[in-house]
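Novice: Structure here, sequence nowhere to be found:
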């Protein structure tokens, strides 16, 4: 019927428009078909083999970070995470050690040959931080801090960009576009759970975001299993799901003594749990890599 | 300090209370530690090996259902799904063939030796339906239709209970309790996505719900990858994630000619896509089963 | 530019299509421009002057209902609400007195000359209930219990239809269409809060839904201030907002002794709070009616 | 029973703890019982009489802003809003005129004797902006840009702090605490809608947040009816609801020619609609003020 044909023409035209729009994005597959590979401390992120970023929520002391770094190094891994500038809901909560924290991270990372992933929360911290950090993390609360994104686009270090707490996938992609449009294409996207009505988990891990982001963009996609679930007992199953669905990496928090952690005590793994987590995941991955 | 000890006492006492409360639930692990196994057409659901339920969204004709049934049988599978009573947002949308649809399902299932999974939407349909259906599905919109749940608790057939569109995991568990408290413990829980702000997918697949439901209850847990994602291109990655995270089964919609389907045209697989989907998943699972 | 003209043509055509679609709905303004007035116990609902429905969450005893009825009658109001069939999350919570509860409501309503508003949860209760109830409430959990909606469309009593917990406005309108399409146009819509991430209130009162529903449909629109806020301290401000934005009525729960109520203890008003609530609202409305 | 007493003790103790915690907040009523009044251009905000902030979404030209300023001045109002730094989802959308925009605002405001409300998005813009702006707006995307909040706490100008897109009321209050804890107590809170599944409105106006914020804090509370609804046809009803529920002010966007606006074309009022909106609201308020 005429009505049907009319509809089809519309649909096609609308899709064309949308395609045009998307094509414009530098992060899109349409602009660049092949996967972007981000190299950190010799590790090639985004080439098929999942990467891992572990470390404490917040840097508290040299010994605390070193204990985790030793465990990471022992597994042959290349990166450590740790927060020096901590965005916290209350101004009276522990705000991180700041520059002092970055210095600890640097010291530890040199000793254990690890690259440092750490969050920067405002443009004017960025320049100083470059001496201490290998991968600049932009956190969920700052996903649409556009001045920070633009500043991150002008540096020569990889950026790990976390999805905002209630950001749509489209907004997330456009946030990455703010970075790449300034010249920096070394971007890792990180799904970390979204805010929903469900309170059994801290956030709701939007696992479907991973294949969508992989389709729409050429960037590597990580999953932060700690912040998405907020539950130590869900870290391993969530990590398996992330890897199975095609994530390029998994982030999780590890602390030598979570019970006395200055932040996120309830969701960090201790060193023994870390070993068990990683062993189980390796077993899962081994089978997966060989046969899938 | 005294304050700290005070807090700890509180926390412990609160947890005790909650534990007591949960212990009361017949669906809980605390009441029954071992997994419930639901046997359908010889297939043991909930014993470790993932089960599969495929079939069209709605029953439209004998030929349509038979075409899918043949493909299912060819894969050695034991169940087929198809809607005879279709809950639809608008009263002017196709409402399903009703009893006629159930008769078609019965006829096809006998010819292809498949068990039938089909949705019942109101208690007074239940009795008639028992002659035609092997597994009674209770849909998302009826998860808190308590009269239907109670009626389902009084029959002698397995129930596949879908999570409500915005049901908490706790409400979902209590809905199952309505069934089991009437005597029927043959219940399969089915995560099918929750309603969130994100519109890139039809719903947001709450993959973490799977391990939580497995921990909290002794019931098998399925994932409906069709309704959770609403996107044909996400069915395979979502199914992999579901299996990796420990789901006991996967549901997906298959239609011989999705373009002319009377409902959900955009998200059903055709028969060739079905073959590819299942082959890929088998490869993924083979590795997984052997090594994990 | 050509592109712009193209876009405009599209937009217009899409709107035309949508308009066509909406025009089809019997509840829509396009089908019937003038307001539907529902007459209950002599009160004309939907004609400009706000109506009020008060009463206990659940019917517990004759004395309990009578105490509230007396306070309602003293205010010159015409309706009382009370639940006989209570949909509850847990099967072990108080489920209501059922038919016994309806009988109490009938008895009290005759004594105090009030119309009874009470929830029915399944089609087969409907016939019996007609002898006891003046307005049939369909609750949030049953907004898409389509068999119940169709049955409600075949009776000759007004229906108070509550919005589902996570129903879109469009789904809500279509649920009403299920009723009207069976012949019953005596429908009152009731906004009762939607499920969101915010937990400071039990639900999030979607106050904007009121003017949207008034624009899109010709039906009266109520606001349930008890279930939307779940907080006694917010009942009065929420009621003022509801009336100011154009609601045709306000529902709230009143119990002679909320502390011992068998359900919703925390959110019901006692009789003194009820008096204060109503007085304050009357003062607010008096000014509003005269000048606005 | 013992169990009951036990529970009551717990509840009381938990409430005591929470009270203690809240008492610590400088923005809380517990710390300061009386309302904070913020004086802007001679207008006393937070003393009972609603204030109004109108103006274009973005500053585009002197003439555009002046046209709106004239209409504002004609109503006897004291403030104008306009965005010079525009946070936009896409880097390719109009980003605002920046410092040039601030200069236009300053020029217009002097000519029409209006105070300027304008958004600042990063700390290092703040110092320059102080010469041009009377009230610094911190937008939804930056509600947890803690470095910006801290910087705003160190200046001597009122801050209009918007609620984040998916911020809880508790997080919103703590964001204000970041400002006040640095010494600046001239803070206006602004509810601007939250992100939910409902797409009939751009966001969901959480009207209940107004009385909660008024109870919990001593700060004035505004409602932005433009961004919460995103619909021109809902601005007036939403403004009525806001005033009825106790908001200290209403914000809305006005543009001389919305159809050609560089941002938010669909939701701004033109000058005639602005007149009608304001007249209707004044009528509504007159009645309300006199009698309520």
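Specialist: Nice, thanks for sending it over. Just so you know, these numbers come straight off a predicted model, no measurement behind them. Numbering: from 1, shown residues only, chains lettered A, B, ... in the order given.
Novice: ok, and the closest non-adjacent residue to residue A:215?
Specialist: Excluding the flanking residues, the one nearest residue A:215 by CB to CB, 6 or more residues apart in numbering or on different chains is residue A:29, at 6.7 Å. In this view, the C-beta of every residue, glycine as well, is placed from N, C-alpha and C.
Novice: can you give me the strands in the stretch 101-250 of chain A?
Specialist: A:115-119, A:135-138, A:159-162, A:187-191, A:221-224, A:249-253 (DSSP state E, counting those that start in this stretch).
Novice: Quickly check: the fourth one near chain B or not.
Specialist: No - interface with chain B: strand A:187-191 contributes nothing (CB under 8 Å from any CB of the partner chain), its closest point being 11.3 Å away.
Novice: hang on, residue A:218 packs against residue A:36?
Specialist: Yes - between residue A:218 and residue A:36 there is a contact at 4.8 Å, judged by CB atoms under 8 Å.
Novice: Have a look at those two and say which one is more surrounded.
Specialist: residue A:218 (21 against 18; other CB atoms under 10 Å in any protein chain shown).
Novice: residues touching that one, list them.
Specialist: Going by CB atoms under 8 Å, 6 or more residues apart in numbering or on different chains, residue A:218 touches A:27-29, A:31-36.
Novice: give me the low-pLDDT residue ranges for the stretch 51-200 of chain A?
Specialist: The stretch 51-200 of chain A contains no residues with pLDDT under 70.
Novice: Up against chain D, what does it have?
Specialist: Close to chain D, as judged by CB under 8 Å from any CB, the stretch 51-200 of chain A has residues A:87-92, A:121-125, A:141-142, A:144-148, A:150, A:165-166, A:170-171, A:174, A:177-178, A:181, A:195.
Novice: give me the subset of these touching chain B.
Specialist: Among those, chain B is touched by A:166, A:170 when using CB under 8 Å from any CB.
Novice: Can you select the buried ones from the residues of the stretch 51-200 of chain A next to chain D in ChimeraX?
Specialist: Remark: buried members of these, expressed as a ChimeraX selection using 16 or more other CB atoms under 10 Å in any protein chain shown:
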select /A:87,88,89,90,91,121,122,123,125,141,142,144,145,146,147,148,150,165,166,170,171,174,177,178,181,195
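Novice: nearest to residue C:206, of the strands of the stretch 101-250 of chain A?
Specialist: strand A:187-191 (28.5 Å; CB to CB).
Novice: any idea which element residue A:272 lies in?
Specialist: Under the criterion DSSP states H and E, the helix or strand holding residue A:272 is helix A:271-291.
Novice: Quick check, central residue of chain A?
Specialist: residue A:190 (3.3 Å; CA atoms, centre = their mean).
Novice: Contact partners for that one?
Specialist: A:160-163, A:221-224, A:251.
Novice: just those now: which is nearest residue C:76?
Specialist: residue A:163 (55.3 Å).
Novice: ok, back up a step: and the residue nearest to the centre of chain A, how close does it get to chain B?
Specialist: 16 Å (CB to the nearest CB, to the nearest Å).
Novice: re the thing from before, distance check, the residue nearest to residue A:215 against chain D.
Specialist: Taking CB to the nearest CB, one finds residue A:29 at 17 Å from chain D.
Novice: and stretch A:265-277, how far from the chain's centre?
Specialist: 19 Å (CA atoms, centre = their mean, to the nearest Å).
Novice: Counting neighbours, what do you get for the nearest residue to residue A:140 once chain neighbours are set aside?
Specialist: Counting by CB to CB, 6+ apart, residue A:140 lies nearest to residue A:162, which is 4.7 Å off, once chain neighbours are set aside. Residues contacting residue A:162 under the criterion other CB under 10 Å number 26.
Novice: check contacts around residue A:162.
Specialist: Residue A:162 neighbours (CB under 8 Å, 6+ apart): A:137-140, A:143, A:190, A:192, A:224.
Novice: please redo it, this time with the cut-off set to 10 Å
Specialist: Counting by CB atoms under 10 Å, 6 or more residues apart in numbering or on different chains, residue A:162 makes contact with A:119, A:137-143, A:172, A:175, A:188-193, A:222, A:224, A:227, A:251.
Novice: Next: residue A:277.
Specialist: Counting by CB under 10 Å, 6+ apart, residue A:277 has contacts A:54, A:225, A:232, A:235-236, A:239, A:250, A:252, A:254, A:269.
Novice: got it, and residue A:130?
Specialist: A:120, A:136, A:155-157.
Novice: just checking, residue A:59 touches residue A:86?
Specialist: Yes - at 9.0 Å, residue A:59 and residue A:86 qualify as touching, with contact defined as CB atoms under 10 Å.
Novice: quick one: the closest residue to residue A:242 other than its chain neighbours and chain B, what's the gap?
Specialist: Excluding the flanking residues, the one nearest residue A:242 by CB to CB, 6+ apart is residue A:223, at 3.7 Å. Between residue A:223 and chain B the distance is 10 Å, computed by CB to the nearest CB.
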